[in-house]
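> What follows is a predicted structure for the sequence shown.
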Amino acid sequence: MEPQAVILVGIQASGKSEFYRRRFFDTHVRINLDMLKTRHREGIILRACLEAKQPFVVDNTNVTRDDRRRYVPEAKKAGFRVLGYYLSSLVDACRQRNAQRPEGRRVPDGAIHATHARLQVPTEEEGFDAVYYVSIAPDGAFVVEDVPGQG
């Protein structure tokens, strides 16, 4: 079975990290720039996962095709099944979730708006083996569906 490379896509406070914790924590290494701080460190961890065939999740905003291009081709070349999970969320809902974060983890509202303005929904044409649409139900559960118009 091919190891998985999971690329999360979504604006700040869309639920990406919580989705990782609930769905992939026990099976996939988390690669996250907020934690690693530099692209150099991120690259070291990414290369280690690729070489070891270790399943991983890239938990960054990854809102543009260019952002995702740094992971998808390398993972494909290394024999990974590459999955995209687009965490769809309204800006106002993200702002509300962001306001509930501890003070040191909040991002400025302007950053959320700016990231949303650059958002490009991921597609299989980028090299993903599958792309899924993730929303948050009123009870807080994550709902995963095929992205409309794909697959």
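The structure has been received and is ready for your questions.

> pull the helix or strand with minimum mean pLDDT from the chain.
Lowest on mean pLDDT, DSSP states H and E among the helices and strands of the chain sits helix 91-100, with a mean of 87.

> That helix packs against which elements?
Judged by 3 or more CB pairs under 8 Å, 6 or more residues apart in numbering; DSSP states H and E, helix 91-100 is in contact with helix 109-118. (Each C-beta comes from the backbone N, C-alpha and C, glycine too.)

> now Arg81: how far from Val29?
15 Å (CB to CB, to the nearest Å).

> what packs against the lengthiest helix in the chain?
Secondary structure of the chain per DSSP state H: the longest helix is helix 39-52. Judged by 3+ CB pairs under 8 Å, 6+ apart, helix 39-52 is in contact with strand 29-31, helix 33-36, strand 56-58, helix 72-77.

> Provide a list of residues in contact with Ile112.
Ile112 is in contact with 11-13, 91, 94-95, 98, counting by CB atoms under 8 Å, 6 or more residues apart in numbering.

> What is the end-to-end distance of stretch 33-45?
Separation of the first and last residues of stretch 33-45 by CA to CA, to the nearest Å is 11 Å.

> buried set for it?
Neighbour counts over stretch 33-45 (16 or more other CB atoms under 10 Å) mark 36, 42, 45 as buried.

> So Val134, which state does it fall into?
strand (DSSP: H, G, I helix; E, B strand; the rest coil).

> Can you name the residues that contact the closest residue to it other than its chain neighbours?
Once flanking residues are discounted, Val134 sits nearest to Leu87: 4.7 Å by CB to CB, 6 or more residues apart in numbering. With contact set as CB under 8 Å, 6+ apart, Leu87 has these partners: 8-10, 14-16, 19, 134-135.
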